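In: Sequence plus predicted model, see below.
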Amino acid sequence: MGRVIWFFDPGRETGWAVGWDGELLACGLLRAYPDKALWMPGEEGEAKAWIEFPEYREHNNKVAINDLLALASKAGRIEERCLLWGYTTHRVKPSGWKGAVPKEIHHQRVLAELRPAEHQILTPVLSALAHGIRHNVLDAVGGFLWAAKREGLR
């Protein structure tokens, strides 16, 4: 039986990626508003969801604490939806899956690791997004690749 893996990277816009047995099948962007019910891709069934939760770095934090609280709230909403669908959820900190690698370098590594069919999935998604928000999807795809490796699927 194959394994479904999701990765969610909450932010102002939330990147997501999903795959089967370690192969990327879809990715995109969802917007979660604090005053509206959360809609996100997914369905009931057996899957693992990896959700990035924010972390506070006392000596190197560039983000206001209230912004981190808002991100934690969004991550919690995503986690609850996944639990309602019956997914096994895992919380991961940014430093836990991508370390301190600068975004530009990390995204180059993600693109280099994708298989040709996965590039065909990612390219039109990125093309449809404004340049300033594409990093959300690239982070989610990178997180998906990391989670797939942790599950021994890549």
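Out: It's in. Numbers count the residues shown, from 1 in each chain.
In: Regarding the residue of the chain most remote from its centre, what is its secondary structure?
Out: Relative to the centre of the chain, the most outlying C-alpha is that of His59, 25.4 Å out, by CA atoms, centre = their mean. When classified by DSSP: H, G, I helix; E, B strand; the rest coil, His59 comes out as coil.
In: what does His90 give?
Out: strand.
In: can you pull the contacts of it?
Out: 48-51, 147 (CB atoms under 8 Å, 6 or more residues apart in numbering). Quick note: C-beta positions are derived from backbone N, CA and C, even for glycine.
In: What distance do you get for the closest residue to Trp146 other than its chain neighbours to His106?
Out: In space, and not counting its chain neighbours, Trp146 is closest to Trp97: 4.5 Å by CB to CB, 6 or more residues apart in numbering. Using CB to CB, to the nearest Å, we find Trp97 at a distance of 10 Å from His106.
In: Quickly list what's touching both of those two.
Out: Common neighbours of Trp97 and His106 (CB under 8 Å, 6+ apart) are Gly142.
In: Tell me where this protein has helices.
Out: With DSSP state H as the criterion, the chain has helices at 65-84, 94-97, 103-113, 116-127, 134-150.
In: how far away is Ile51 from Gly28?
Out: Distance of Ile51 to Gly28, given as CB to CB: 16 Å.
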